[in-house]
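> The amino acid sequence is not available; the structure is as follows:
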């Protein structure tokens with residue numbers, strides 16, 4: 001493959017722009033790592049249960065039903081687990097569909 005077929009090179013960045021670009025890349029990678037760690041914690045907390053554990057604002061909640069009618073629509077537990085909006089709504093209305101997992105419960109499962 002010749003150099004002519006390669007994508008055009010990026011504009012020359014100033015050192016400040018390069019630092020800003022690298023900081024953004026690092027922040028993006030940190031966010032992905034944080035999401036992965038949280039997903040692993042949720043999977044560990046859900047071990048032995050067919051229902052998922054979800055996280056919202058650094059708190060973990062166990063879903064207590066396989067299906068739920070939320071805002072007039074029926075959702076599966078998996079659909080609820082994937083929707084931050086639904087989780088936030090359930091927390092806001094203090095729904096019985098979520099059970100907060102206390103730190104002591106997490107430690108006893110470790």
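Cool, got the structure. Just so we're clear, the structure is a prediction, and the values are computed from it rather than from any experiment. Residues are numbered from 1 along each chain as shown.

> any idea which element residue 55 lies in?
strand 53-56 (DSSP states H and E).

> Buried residues of that strand, list them for me.
53-55 (16 or more other Cβ atoms under 10 Å). The way it works is simple: take the backbone N, C-alpha and C, and place the C-beta from them, glycine included.

> cool, and stretch 13-27?
Within stretch 13-27, not a single residue qualifies as buried, counting by 16+ other Cβ under 10 Å.

> pLDDT on that stretch, on average?
Stretch 13-27 comes out with an average pLDDT of 91.

> Then stretch 61-70?
The average pLDDT within stretch 61-70 is 89.

> follow-up on the earlier one: partners of the strand holding residue 55 in the sheet?
Each strand paired with strand 53-56, and its direction, by DSSP bridges: strand 59-63 (antiparallel).

> Check the offset of the strand it pairs with from the chain's centre.
Relative to its chain's centre, strand 59-63 lies at 12 Å (Cα atoms, centre = their mean, to the nearest Å).

> What's the first helix or strand after it?
strand 67-70.

> Please work out which residues outside the helix or strand just after that following strand touch it.
Using DSSP H and E, the helix or strand that directly follows strand 67-70 along the chain is strand 73-76. For strand 73-76, contacts defined as Cβ atoms under 8 Å, 6 or more residues apart in numbering pick out 66-69, 83, 86.

> Out of the residues you listed, which two sit at the greatest distance?
The distance between the two most remote of the contacts of strand 73-76 (Cβ to Cβ) is 15.6 Å, for 66 and 83.

> Now for the chain, the helix or strand with the poorest mean pLDDT.
Least confident helix or strand, the chain: helix 103-109 with a mean of 51, by mean pLDDT, DSSP states H and E.

> Can you report how many residues lie near residue 61?
Neighbourhood size, residue 61 [other Cβ atoms under 10 Å]: 22.

> residue contacts, the residue nearest to it when sequence neighbours are not counted?
Distance criterion Cβ to Cβ, 6 or more residues apart in numbering; nearest residue to residue 61, sequence neighbours excluded, is residue 98 at 4.1 Å. For residue 98, the contacting residues are 54, 61-64, 87, 90-91, by Cβ under 8 Å, 6+ apart.

> Right, I'll call it a day here.
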